[in-house]
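Student: no sequence on this one, just coordinates:
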């Protein structure tokens with residue numbers, strides 16, 4: 001089953017005033033739009049994930065709540081994955 005995201009791009013057809021036959025508008029770009037990626041692996045995002053995980057782990061350790069400590073550890077591991085997959089050091 002294909003989703004709409006994978007549907008083929010079909011150009012819009014307009015009627016030519018001269019002969020009434022359908023013609024493809026030459027000015028219309030039928031390629032997939034070049035959307036800018038959200039860049040979730042920027043350094044600021046990586047460090048924000050690290051800070052969130054460290055605060056969760058510290059809050060769980062201080063209060064003795066296992067869920068906070070476990071959640072903070074999981075977030076720190078996600079930050080580790082972001083750091084490992086980054087192209088730049090840091």
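Tutor: Ah, there it is. As the structure is a computational prediction, the values presented were derived from the model and not from experiment. Numbering: from 1, shown residues only.
Student: In the protein, what residue spans correspond to helices?
Tutor: 43-63, 66-85 (DSSP state H).
Student: what's next to the last one, contact-wise?
Tutor: Meaning helix 66-85. Helix 66-85 is contacted from outside by 40-41, 45-46, 49-50, 52-61, 90, using C-beta atoms under 8 Å, 6 or more residues apart in numbering. In short, each C-beta sits where N, CA and C put it, glycine included.
Student: For PyMOL, what selects the buried ones among those?
Tutor: Filtering the contacts of helix 66-85 down to the buried ones (16 or more other C-beta atoms under 10 Å) takes a single PyMOL command:
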select buried, resi 41+46+49+50+52+53+56+57+60
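Student: And the pLDDT at residue 45?
Tutor: The score at residue 45 is 89. That number is its pLDDT.
Student: and what of the one 4 residues further on?
Tutor: Each residue has a pLDDT score; the one for residue 49 is 94.
Student: What's the local residue count around the nearest residue to it once chain neighbours are set aside?
Tutor: Leaving aside its chain neighbours, residue 49 sits nearest to residue 79 (4.0 Å; criterion: C-beta to C-beta, 6 or more residues apart in numbering). Using other C-beta atoms under 10 Å, residue 79 is surrounded by 20 other residues.
Student: ok, residue 79 to residue 62 distance?
Tutor: Per C-beta to C-beta, to the nearest Å, residue 79 is found 20 Å from residue 62.
Student: Distance of residue 58 relative to residue 73?
Tutor: Taken as C-beta to C-beta, the span from residue 58 to residue 73 is 11 Å.
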